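K.L.:
structure here, sequence nowhere to be found:
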């Protein structure tokens, strides 16, 4: 007849047969839940990846725009610096020209003063020599000439 091993085998088959459906459904539910979690995580990762791509493109666009703006600002600053240099050079040239004109005017005035002084010295020496010569000569009109010369002498 049937021995204990056979009954054990039949019991095992019965347990497996009756436990297979609930176990299969639990395992299937567990695996479906894990699959759904994996799908959800994958969708979230794809969404984050797309968001990161959009953010990267936006950042690259902003960086390119900022680079253009910075380049324009640098060019403007260079132009302003060049303009300031030219303006300073023009101001320096104008100041040099003004000082040169002032010096030229001073030179002309000084020359005029020196000419006047030199004329005065020459005239005084000539008048003095004429007076000396007239004193030495025996002319009758010496007193009149002496008075005239003394009147107009620049001493």
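P.N.:
Sure, I can see it. In this text, all values refer to a predicted model and were calculated from it rather than measured experimentally. Residues are numbered from 1 along each chain as shown.
K.L.:
what about residue 55, neighbour count?
P.N.:
10 (other CB atoms under 10 Å). Backbone N, C-alpha and C define where each C-beta goes, glycine included.
K.L.:
and it, which helix or strand is it part of?
P.N.:
helix 4-136 (DSSP states H and E).
K.L.:
and that helix, what does it pack onto?
P.N.:
Under the contact criterion of 3 or more CB pairs under 8 Å, 6 or more residues apart in numbering; DSSP states H and E, helix 4-136 touches helix 142-152.
K.L.:
low-confidence ranges, the protein, go.
P.N.:
Scanning the chain for pLDDT under 70 picks out the ranges 1, 134-155.
K.L.:
and if we set it to 90?
P.N.:
Across the chain, the ranges flagged by pLDDT under 90 are 1-5, 7-28, 78-93, 100, 107, 115-155.
K.L.:
can you pull up the most central residue in it?
P.N.:
Closest residue to the average C-alpha location of the chain: residue 77 at 4.4 Å, with CA atoms, centre = their mean.
K.L.:
check the gap between that residue and residue 63 for me.
P.N.:
20 Å (CB to CB, to the nearest Å).
K.L.:
next one: residue 130
P.N.:
The gap separating residue 130 from residue 63 is 98 Å, by CB to CB.
K.L.:
same check on residue 5?
P.N.:
79 Å.
K.L.:
now do residue 92
P.N.:
In terms of CB to CB, residue 92 sits 42 Å off from residue 63.
K.L.:
burial measure for residue 101, as a count.
P.N.:
As a burial measure, residue 101 scores 10 neighbours (other CB under 10 Å).
K.L.:
can you start the count at 31 instead of 1 from here on
P.N.:
Shifting the count to begin at 31 puts that one at residue 131.
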